[in-house]
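In: Predicted coordinates and the sequence they were generated for:
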Amino acid sequence: MPKPVILPTDALFFVLLLAVTAYAAYAAGKPHLREPWKRVARSRIAVVCLVLLVTYTLIAVADSLHFHPRLPGAGPDGKPVYSNEVLSVLDWVATPLRESNEKTYSAPFAVHLYVREPVELPDGRQERVYPRLRHGGAHLPADGRGRFQDIVVTSFAGAALGLMVWTMPAAVLLLWGARRRGMSPVRFIAFVRNAREAGPWRAALWTLAAVLTGFVTLGMLGLDYHVLGTDKVGEDVFYQSLKSIRTAVLIGTLTTMVMLPIAVMLGIMAGYFRGWVDDLVQYTYTTLNSIPSVLLIAAAVLMLNVYMSTHAEHYDSVAERADLRLLALCLILGLTSWTSLCRLLRGETFKVRELEYIQAATAFGVGHPRIILRHILPNVMHIVLITVVLDFSGLVLAEAVLSYVQIGVDPATYSWGNMINGARLEMAREPVVWWSLGAAMISMFGLVLSANLFSDVVRDAFDPRLRQRIE
């Protein structure tokens, strides 16, 4: 059995997932929260985006379950011996991708390297040729004949297997939906197929089918080919793209976890107590906004790098060092991004505190903490929720920009920003190495677009001024 490892970001990520689960259970029992979420669930766009966001999250969860692999044999005392290497469940599942390294660049689905190398011929002459890959298309003849037909056959087999896998979660969803509506499974299937109001159900099922079919197909192709090519050191780009998902999701969620308590506490206090409390909070976020955030983040990251370089003995592995820098980046981004939400909550609290029932509670001598928790906070939660969902995609893009200018995550950490930074010089090569940049951009585009579209629907459902009928 492997030895489990819990990194700091893993623990915080799972705490956040538990908090989201607790909120879902709480919202299910409150009509004023349940109704907006029902409006969100009636939107086909929101359902499609939610399936994609859940897919990204599940990949991040699989990459957050870390362990030390067990080495063969046993130690002198008979106890098992574990490697210092830290792997994740995603690494274990994607072992063929992780271990199929080449010498250097290779194009997507290629069977030869992307660059020529000198080879000595039997007659003593040298010729520059494209060497054969060690793993990509290794089952094909030396000249790569039959590659196209093999890719087509494997793709059809992967699509068929993906559809078979899809039937299991689809059956669970249909049985759950039939139970909620009090229908038999056969009647509910007919309802989903024909009823106009069942559009979100159809959208969810078809999106899930596309996701599962795509992943199974890419997985089967990845056993024999590098579906997105390899980078300068020969590492599979598809594997890098999958590993980068965890970094993006953690940046978007853990930064929110840091920013949210500060913004909510200070914003509500400023709007409720007014006076010198309001002046102090305003002075704080105005001063913070006057400092360029990039310079502040760069200074903090550089100081952290100096500390980590002078205390290298505190870290047992490269993964722990990289995880600390990722956590520090989340903290820095959280401490510099709470000001806009704080300003919004301050203004909304100014309005809410003048409502009649809050004035009555004050007149009856109800304590300030009770008024804030029971009356003020529930009335501003729609702003909190909307802002959090809207800021997620911005934080994902911020990580890519910061890593591009080399003040983001550790270079040993997989991230789309590091992939883009590494592809910067590759675009100047002849011929151009485009697939690393393309893979990072497509992966980031899917996550950011899904988050933006989902946040638009959530905003329309929760904001009283924008609430409308969601198609």
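Out: Good, I have the coordinates.
In: Residue 283 belongs to a helix?
Out: Yes: under DSSP: H, G, I helix; E, B strand; the rest coil, residue 283 falls within a helix.
In: what residue ranges in the chain are flagged as low confidence?
Out: Applying pLDDT under 70 to the chain flags residues 75, 312-317, 463-471.
In: Break down it into its strands, ranges please.
Out: Under the criterion DSSP state E, the chain carries strands at the ranges 3-5, 66-68, 70-74, 80-82, 87-88, 117-120, 126-129.
In: Out of the ones you listed, which is closest to residue 454?
Out: strand 87-88 (26.3 Å; Cβ to Cβ). Any C-beta I mention is one placed from the backbone N, CA and C, and that applies to glycine too.
In: Now the strands of the chain in JSON lines, please, with extra columns for distance to residue 365 and mean neighbour count.
Out: Formatted as JSON lines, these follow (distance: least, Cβ to Cβ, whole Å; neighbours: other Cβ atoms under 10 Å):
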{"stretch": "strand 3-5", "distance to residue 365": "52", "mean neighbour count": "14"}
{"stretch": "strand 66-68", "distance to residue 365": "52", "mean neighbour count": "20"}
{"stretch": "strand 70-74", "distance to residue 365": "64", "mean neighbour count": "10"}
{"stretch": "strand 80-82", "distance to residue 365": "61", "mean neighbour count": "14"}
{"stretch": "strand 87-88", "distance to residue 365": "55", "mean neighbour count": "20"}
{"stretch": "strand 117-120", "distance to residue 365": "84", "mean neighbour count": "10"}
{"stretch": "strand 126-129", "distance to residue 365": "88", "mean neighbour count": "10"}
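In: Can you redo those strands as TSV, where the extra columns are distance to residue 177?
Out: Listed next are the strands of the chain as TSV, based on distance: least, Cβ to Cβ, whole Å:
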stretch	distance to residue 177
strand 3-5	36
strand 66-68	36
strand 70-74	43
strand 80-82	45
strand 87-88	33
strand 117-120	58
strand 126-129	59
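In: Quick check: which of those is nearest to residue 447?
Out: Distances from residue 447 to each of these were compared using Cβ to Cβ; the shortest belongs to strand 87-88, at 18.9 Å.
In: Not counting its own residues, what contacts the closest one?
Out: 2, 62-69 (Cβ atoms under 8 Å, 6 or more residues apart in numbering).
In: and that strand, how far from the chain's centre?
Out: 17 Å (Cα atoms, centre = their mean, to the nearest Å).
In: What pairs with that strand, parallel or antiparallel?
Out: Sheet neighbours of strand 87-88, with direction, are listed as strand 66-68 (antiparallel) (DSSP bridges).
In: does residue 258 really touch residue 336, like I thought?
Out: No: under the criterion of Cβ atoms under 8 Å, residue 258 lies out of contact with residue 336, with a separation of 10.0 Å.
In: Show me the helices in the stretch 151-300 of the chain, by range?
Out: Under the criterion DSSP state H, counting those that start in this stretch, helices of the stretch 151-300 of the chain are mapped to 185-194, 199-222, 237-273, 275-289, 293-310.
In: Could you say which of those helices is packed most deeply?
Out: Ranked by average neighbour count under the criterion mean count of other Cβ atoms under 10 Å, these are headed by helix 237-273 at a mean of 23.
In: Could you pull up the contacting residues of the residue of the chain most remote from its centre?
Out: Among residues of the chain, the one most distant from the C-alpha centroid is residue 123; the distance is 55.1 Å, by Cα atoms, centre = their mean. For residue 123, no contacting residues are found, by Cβ under 8 Å, 6+ apart.
In: so what's the backbone phi/psi at it?
Out: With angles defined as degrees, to the nearest 10, residue 123 shows backbone torsions of phi -90, psi 10.
In: Against residue 275, how distant is it?
Out: When distance is defined by Cβ to Cβ, to the nearest Å, residue 123 is 93 Å away from residue 275.
In: got the contact list for stretch 151-170?
Out: 109, 205, 208-209, 212-221, 224-225.
In: Need the nearest residue in space to residue 191, chain neighbours excluded.
Out: The shortest distance from residue 191 to any non-neighbouring residue, by Cβ to Cβ, 6 or more residues apart in numbering, is to residue 198 (5.6 Å).
In: measure that neighbour to residue 47 for me?
Out: Where residue 47 is concerned, residue 198 sits at a distance of 11 Å (Cβ to Cβ).
In: more neighbours, these two?
Out: In this view residue 198 and residue 47 are compared by other Cβ atoms under 10 Å, and residue 47 has more residues nearby, 22 against 17.
In: ok, that one - contacts?
Out: Counting by Cβ under 8 Å, 6+ apart, residue 47 touches 41, 200, 203-204, 207.
In: ditto for residue 17
Out: Going by Cβ under 8 Å, 6+ apart, the list of residues near residue 17 reads residue 61.
In: Equivalent analysis for residue 387, please.
Out: Under the criterion of Cβ under 8 Å, 6+ apart, the contact partners of residue 387 comprise 340-341, 344.
In: Kindly recompute the last result at 10 Å.
Out: Residue 387 makes contacts with 256, 259-260, 263, 340-341, 344-345, 455, 459, as judged by Cβ atoms under 10 Å, 6 or more residues apart in numbering.
In: a markdown table please, covering the contacts of strand 87-88 and showing distance to residue 247.
Out: Converted to a markdown table, the contacts of strand 87-88 look like this (distance: Cβ to Cβ, whole Å):
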| residue | distance to residue 247 |
| --- | --- |
| 2 | 23 |
| 62 | 14 |
| 63 | 9 |
| 64 | 11 |
| 65 | 16 |
| 66 | 14 |
| 67 | 19 |
| 68 | 21 |
| 69 | 22 |
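In: Out of the residues you listed, which comes closest to residue 397?
Out: Comparing those against residue 397 with Cβ to Cβ places residue 63 closest, at 20.3 Å.
In: distance of that closest one from residue 219?
Out: When distance is defined by Cβ to Cβ, residue 63 is 15 Å away from residue 219.
In: and what of residue 328?
Out: In this structure, residue 328 and residue 219 are separated by 34 Å, where distance is defined by Cβ to Cβ.
In: ok, back up a step: any common contacting residues for residue 198 and residue 47?
Out: In the contact map built from Cβ under 10 Å, 6+ apart, the residues linked to both residue 198 and residue 47 are residue 205.
In: Test my guess that the residue nearest to residue 191 contacts residue 183.
Out: No: shown here, residue 198 and residue 183 do not form a contact pair, counting by Cβ atoms under 10 Å, at 11.3 Å.
In: Find residues that contact each of those two.
Out: 177, 189-191.
In: Taking the residues you listed, tell me the two that lie furthest apart.
Out: Of all pairs drawn from the shared contacts of residue 198 and residue 183, the one with the largest separation by Cβ to Cβ is 177 and 190; the distance is 12.2 Å.
In: residues bridging contact with those two, i.e. touching both?
Out: When Cβ under 10 Å, 6+ apart defines a contact, the residues bordering residue 177 and residue 190 alike are 183, 198.
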